[in-house]
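Q: Got a sequence here, can you build the structure:
(one chain, ligands or ions: 1)
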Amino acid sequence: MKIHFLGTAASEGFPNVFCSCEACLTARKLGGKNIRTRASVIVDDTLKFDYSADSQMQALRDGIDLGRIEHLLVTHTHYDHFYPGDLTSRIEGFAHGIEHPLWIHGNDLVMYHARQALGKFEGDRVRFNRMKPFQRIAAGSAWVTPLHADHDPMETCLLYFVEKDGKTLLYGNDTGWFPEDTWAWLKGKKIDMAILDCTHEKTGIKQKNYHMNADTILEVHDIFVKEQILGEAGRIYVTHFTHNSTLMHEDWESMFEPYGICVAYDGLTVHC
Ligand SMILES: Nc1ccn([C@@H]2O[C@H](COP(=O)(O)O)[C@@H](O)[C@H]2O)c(=O)n1
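A: Modelled structure (predicted):
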């Protein structure tokens, strides 16, 4: 699988354009990998996780044809993960040369907002599928299983386990420490690549809720290795960083390099 990171920041972006904290000032000065937009990933040019208002500029920045996306897997409806009105640009009359519908997959709240924005266009350009936790579906040549996240208690936030071309990918944000049923489901599974929520720096709390922090990541890594969920060639990529962590890209790399954990940045493409 080709994994393309479109965005790697928490909701306010990094730097936050409204903020003059030390981290935002430093990130502006350093630029490069310290400029992070809202979290999203594309797999093999055709399957995308989440769709924020940043998606358009991310596609222009990285030379991506979003018309090729066949399946959109939405984790939850927070504005930095789902901005369905922007998908109007894909509808008949707005976009030309589109030959397949975009399937929007997500929880019931995702379906509600997607249909509010795009329901009248359902058909050749856009279709809807409500995901139920732990029920596997086919998405093109991939198999996708939604898992429970620990994020917003007012919504069934989902993580996604993707099996494609003999490889597996866990898309693990937004979430804190995985809920018990997700841990139970992962037991005995093999992950080639896990993309995990590393919103916060080290705080001393290992099983953090709502969002993971660096301690949580190290704990998950430990369990993945002990339980052989992560194979020898398997890799964790961390993403979804907040400026409130105060850490720059190189700081994250120094922290995680001894564990073989990789730090994602906007525009990074890797294969698993
Ligand atoms: N009380 C607060 C204030 C701010 N945050 C920040 O929210 C971001 C993470 O949340 P998203 O799910 O909206 O990405 C992150 O930047 C935090 O620093 C917070 O968590 N709590």
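
Q: ok, and the closest non-adjacent residue to Leu169?
A: Nearest residue to Leu169 in three dimensions, chain neighbours excluded: Val162, at 4.5 Å (C-beta to C-beta, 6 or more residues apart in numbering). Quick note: C-beta positions are derived from backbone N, CA and C, even for glycine.

Q: what are the C-alpha coordinates of whatever helix or strand the one you found lives in, in PDB please?
A: Assigned by DSSP states H and E, Val162 falls within strand 158-164. What follows is strand 158-164 as a C-alpha-only set of coordinates in PDB (Å, rounded to 0.1, in the frame of the first residue of the first chain):
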ATOM      1  CA  LEU A 158     -14.200   5.100  14.600                       C
ATOM      2  CA  LEU A 159     -10.700   3.900  13.800                       C
ATOM      3  CA  TYR A 160     -10.200   1.800  10.600                       C
ATOM      4  CA  PHE A 161      -8.300  -1.500  10.000                       C
ATOM      5  CA  VAL A 162      -7.600  -1.900   6.300                       C
ATOM      6  CA  GLU A 163      -6.500  -5.100   4.600                       C
ATOM      7  CA  LYS A 164      -5.200  -4.700   1.100                       C
END
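
Q: residues making contact with that strand?
A: 1, 43-44, 47, 49, 73-76, 106-107, 131, 133, 139, 141-149, 168-173, 175, 178, 182, 186, 189 (C-beta atoms under 8 Å, 6 or more residues apart in numbering).

Q: let's see 6 Å
A: Under the criterion C-beta atoms under 6 Å, 6 or more residues apart in numbering, residues 1, 73, 75, 107, 142-147, 149, 169-172, 175 lie in contact with strand 158-164.

Q: which of the residues you listed sit farthest apart?
A: For the contacts of strand 158-164, the maximum inter-member distance is 24.0 Å, found between Met1 and Asn107 (C-beta to C-beta).

Q: How far does stretch 1-19 sit from its chain's centre?
A: 10 Å (C-alpha atoms, centre = their mean, to the nearest Å).
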